[in-house]
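S.K.: what follows is a predicted structure for the sequence shown.
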Amino acid sequence: MNITSIGGKVAVPHLLPYTCAKFAAVGFSEGLHTELAQTGVKVVTIAPGLMRTGSYLNADFKGDTEKEAAWFGVSSSTPGLTIAGDRAARQIADAAARGTAEKILTPQANLLAKAHGVAPGMTSQILALVNQWLLPEGDSKRAKRGHQTDILTQSPLLYFGRLAAKRFLQPTA
């Protein structure tokens, strides 16, 4: 089983190094699945969407670090946009038991992957507009961890993210 990301299926703005690594992981996993199929070894590729684990506290942000951290913190903490860690674990275990070739965990990630598969140019254009109109700009060369930003420590929008961070023992220093 290889845990990759929706970022390995569709290029995500502001996350290009991450996306490149995840594309490689998806390709490796799919290749192993193909090459090992005749041996009876099953290889499962898991592509989560946003997971509510509190990991935003330890993500590195560059550019406008406060706005980047706030955007990622809120989007990765909001029920409905994210999947809870325990629910993701159940889906992963089920996919492993079935030997499913690929499992995309969230409805949003599934929709994005399907749209990209059918219309990659249109999907890239939409993501370019998201990048242009919704994501913060900045040119800072110095990175900050999520827990080092002021916005994240105060926002009530991060309530569920903070609960997940505590549950999954995310370090904050």
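M.R.: All right, it came through fine.
S.K.: okay, CA-based contacts and neighbour counts for the rest of this
M.R.: OK.
S.K.: kindly export stretch 47-60 (C-alpha atoms) in PDB.
M.R.: Provided in PDB are the C-alpha atoms of stretch 47-60 (Å, rounded to 0.1, in the frame of the first residue of the first chain):
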ATOM      1  CA  ALA A  47      -4.900   9.200  -2.700                       C
ATOM      2  CA  PRO A  48      -6.400  11.200   0.100                       C
ATOM      3  CA  GLY A  49      -7.900  14.600  -0.300                       C
ATOM      4  CA  LEU A  50      -7.700  17.000   2.600                       C
ATOM      5  CA  MET A  51      -7.400  15.100   5.900                       C
ATOM      6  CA  ARG A  52      -8.300  16.500   9.300                       C
ATOM      7  CA  THR A  53      -5.200  15.500  11.300                       C
ATOM      8  CA  GLY A  54      -3.900  18.800  12.500                       C
ATOM      9  CA  SER A  55      -0.900  18.500  10.200                       C
ATOM     10  CA  TYR A  56      -1.200  22.200   9.200                       C
ATOM     11  CA  LEU A  57       0.500  23.000  12.500                       C
ATOM     12  CA  ASN A  58       3.800  21.500  11.200                       C
ATOM     13  CA  ALA A  59       3.500  22.300   7.500                       C
ATOM     14  CA  ASP A  60       6.100  24.800   6.200                       C
END
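S.K.: give the rounded mean pLDDT of it.
M.R.: What stretch 47-60 shows for mean pLDDT is 93.
S.K.: same thing with stretch 144-154?
M.R.: Stretch 144-154 comes out at a mean pLDDT of 78.
S.K.: what of stretch 98-115?
M.R.: 97.
S.K.: contacting residues around that stretch?
M.R.: If you take CA atoms under 8 Å, 6 or more residues apart in numbering as the criterion, stretch 98-115 is touched by 6, 9-10, 30, 33, 42-50, 81-83, 88, 91-92, 95, 123.
S.K.: what does stretch 64-84 give?
M.R.: Applying CA under 8 Å, 6+ apart, the external contacts of stretch 64-84 come out as 49-54, 56-57, 61-62, 105-106, 108, 135-140, 143-144, 146, 149-152, 157-162, 164.
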